[in-house]
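**Student:** attaching a predicted model along with its sequence, questions to come.
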Amino acid sequence: MSEGNNGQPRKSKVTIARKIHLKSLMLVNASKQLEKEKSERDNEKNRMLNECVPQFNTSSLSVQELQKICKQFHQKIDNVDAERYDAEVKVSKNAKEIESLNQKILDLKGKFKRPTLRRVRVSADEMLGALAETTCKTSLDLRSNLKSVRKEEEKEPVEVHDWRKNVEAKSGMKGRKKIFDTGAAPQ
């Protein structure tokens, strides 16, 4: 509550009984509106059914005419099912596209969903012990993984051969190198 000029809380001008009465009037009004909306929906539904589904008398029709009408209804049902399936596929495709675009937006903004973390109760001594163990292990592991370097005495220089000298002997190309060198097309 807000305070008045003299530091005391201001009293509400509306009494509790008046508030309860107003709430009950609002609930009565809302229930009347809900009933009105329900009746409007029912009327609209009946009107659409009368427009879309024609009334006809089946007692005076022959078997062939009834079969023809059934086939027409089956065709309409198939068309409606195909449209419904297409709509569902479009909706799912759009939902996937929206999700991927939202993910791209999050990636571009640099805001990532953070996983929920569980609280773990660890005493200070256990935390220090775990920290000390990990630091010791890593330092020992690093030292053991280092390669030993020893200076070797001057070695004899290694002979470097020209690889092009022995191409024909080692390649097994049987004269194809000459065709390649001359630029002639193989036959």
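**Tutor:** Noted; the coordinates are in hand.
**Student:** low-scoring pLDDT stretches of the chain, where are they?
**Tutor:** Along the chain, the parts satisfying pLDDT under 70 run over 1-8, 12, 111-113, 134-147, 149-187.
**Student:** any idea where the strands of it begin and end?
**Tutor:** Ranges of strands in the chain, per DSSP state E: none exist.
**Student:** domains of it?
**Tutor:** The chain resolves into domains spanning 14-55, 58-111 when parsed by automatic domain parsing.
**Student:** tabulate the ones you listed (CSV), appending mean neighbour count and distance to Arg119.
**Tutor:** C-beta: built from backbone N, CA, C; applies to glycine. Listed next are the domains of the chain as CSV, based on neighbours: other CB atoms under 10 Å; distance: least, CB to CB, whole Å:
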stretch, mean neighbour count, distance to Arg119
domain 14-55, 10, 42
domain 58-111, 10, 24
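**Student:** could I get those as a markdown table with distance to Leu117?
**Tutor:** Formatted as a markdown table, those follow (distance: least, CB to CB, whole Å):
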| stretch | distance to Leu117 |
| --- | --- |
| domain 14-55 | 43 |
| domain 58-111 | 17 |
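**Student:** nearest to Ala132, of those domains?
**Tutor:** domain 58-111 (35.1 Å; CB to CB).
**Student:** out of the domains of the chain, nearest to Ser123?
**Tutor:** domain 58-111 (34.7 Å).
**Student:** ok, which stretches of the chain are helices?
**Tutor:** Ranges of helices within the chain are 16-52, 63-109, 124-144, 167-171, 176-182, based on DSSP state H.
**Student:** what would those helices look like in TSV with distance to Arg118?
**Tutor:** Output for the helices of the chain, formatted as TSV (distance: least, CB to CB, whole Å):
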stretch	distance to Arg118
helix 16-52	43
helix 63-109	24
helix 124-144	16
helix 167-171	64
helix 176-182	67
